[in-house]
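>>> When you get a sec, could you give me coordinates for this:
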Amino acid sequence: MPYIRLSIARPRKGEEQRLEQLMRQLNELAAENPACLETFLLRPHDDSGEVARIAVYKDENSAEHAANSDRVLALRSEMHLASEAGHVERAFFSV
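Predicted coordinates:
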């Protein structure tokens, strides 16, 4: 059953490129995982400045394993520093 990880963040002032780069690196790491089916880096049509990333995994266990690697945890920590407070980290499974 596919499992989806979603991150939506608004960069701190002056951190726009850094946040996009970090999310791109997270997607690249996810894509290296054989259990990752697809990744996307997204921007909305509005002027919110938000950046989103989606990674689709074959199952929840694979997604959880990937999310807890040292490299992913380090990048997510950097992402928190480059983002305004209140960014969204969500996970979904298909029904």
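
>>> use CA for all of it now, contacts and neighbours both
Noted.

>>> what helices or strands is the worst-scoring helix or strand of the chain on mean pLDDT leaning on?
Least confident helix or strand of the chain, by mean pLDDT, DSSP states H and E, is strand 88-93 with a mean of 88. Applying 3 or more C-alpha pairs under 8 Å, 6 or more residues apart in numbering; DSSP states H and E, one finds that strand 88-93 makes contact with strand 3-9.

>>> Send me the helix ranked longest in the chain as PDB with only the CA atoms.
Criterion DSSP state H: the longest helix present in the chain is helix 16-32. What follows is helix 16-32, C-alpha atoms only, in PDB (Å, rounded to 0.1, in the frame of the first residue of the first chain):
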ATOM      1  CA  GLU A  16      14.800  30.800   0.000                       C
ATOM      2  CA  GLN A  17      17.500  29.100  -2.100                       C
ATOM      3  CA  ARG A  18      18.800  27.200   0.900                       C
ATOM      4  CA  LEU A  19      15.400  25.700   1.800                       C
ATOM      5  CA  GLU A  20      14.800  24.600  -1.800                       C
ATOM      6  CA  GLN A  21      18.300  23.100  -2.000                       C
ATOM      7  CA  LEU A  22      17.700  21.100   1.200                       C
ATOM      8  CA  MET A  23      14.300  19.800   0.000                       C
ATOM      9  CA  ARG A  24      15.900  18.900  -3.300                       C
ATOM     10  CA  GLN A  25      18.600  16.900  -1.400                       C
ATOM     11  CA  LEU A  26      16.000  15.100   0.600                       C
ATOM     12  CA  ASN A  27      14.200  14.100  -2.500                       C
ATOM     13  CA  GLU A  28      17.500  12.900  -4.100                       C
ATOM     14  CA  LEU A  29      18.200  10.800  -1.100                       C
ATOM     15  CA  ALA A  30      14.600   9.400  -1.200                       C
ATOM     16  CA  ALA A  31      14.900   8.600  -4.900                       C
ATOM     17  CA  GLU A  32      18.100   6.500  -4.200                       C
END
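
>>> Good, we can wrap up now.
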